[in-house]
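Enquirer: Need coordinates for the following:
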Amino acid sequence: MTFKAFTATAAAIKQARLLGLYGDTGKRLSRAARRSAPFTSELGNRRFLDFALTVEGSEIVWVNRIAYCN
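Expert: Model prediction:
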């Protein structure tokens, strides 16, 4: 069994770093997209932990952080 491969655009990587996602950001985004769940929001269409990802086909085009209200 193989998992779908996702790649992150340069804009998504830059946005993720601004949100505090460091290291091999492209690989981390790819892994997050693989493990993500479908999500209906103006922030994105996939969700992993407190990140919303906008995925088009196999490409991660944008990243947002989900703000929780208590």
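Enquirer: where do the strands sit along the protein?
Expert: Ranges of strands in the chain, per DSSP state E, are 7-8, 37-41, 44-48, 51-56, 59-65.
Enquirer: which one of the ones you listed lies closest to residue 24?
Expert: strand 7-8 (10.4 Å; CB to CB). C-beta here means a position set from N, CA and C on the backbone, and glycine is covered the same way.
Enquirer: one step back: which of the strands of the chain has the lowest mean pLDDT?
Expert: Of all these, mean pLDDT reaches its minimum on strand 37-41 (a mean of 91).
Enquirer: Nearest residue to the middle of this structure?
Expert: Nearest residue to the geometric centre of the chain (CA atoms, centre = their mean): residue 53, 3.5 Å.
Enquirer: Assess the claim that residue 65 and residue 49 are in contact.
Expert: No - using CB atoms under 8 Å, residue 65 is not in contact with residue 49, being 9.7 Å away.
Enquirer: more neighbours, the two?
Expert: residue 65 (16 against 9; other CB atoms under 10 Å).
Enquirer: Leaving out chain neighbours, which residue sits closest to the more buried one?
Expert: What sits nearest to residue 65 in space, not counting adjacent residues and going by CB to CB, 6 or more residues apart in numbering, is residue 19, at 5.1 Å.
Enquirer: what number of residues lie near the one you found?
Expert: 14.
Enquirer: Could you pull up the contacting residues of it?
Expert: Applying CB atoms under 8 Å, 6 or more residues apart in numbering to residue 19 gives the contacts 51, 63, 64, 65.
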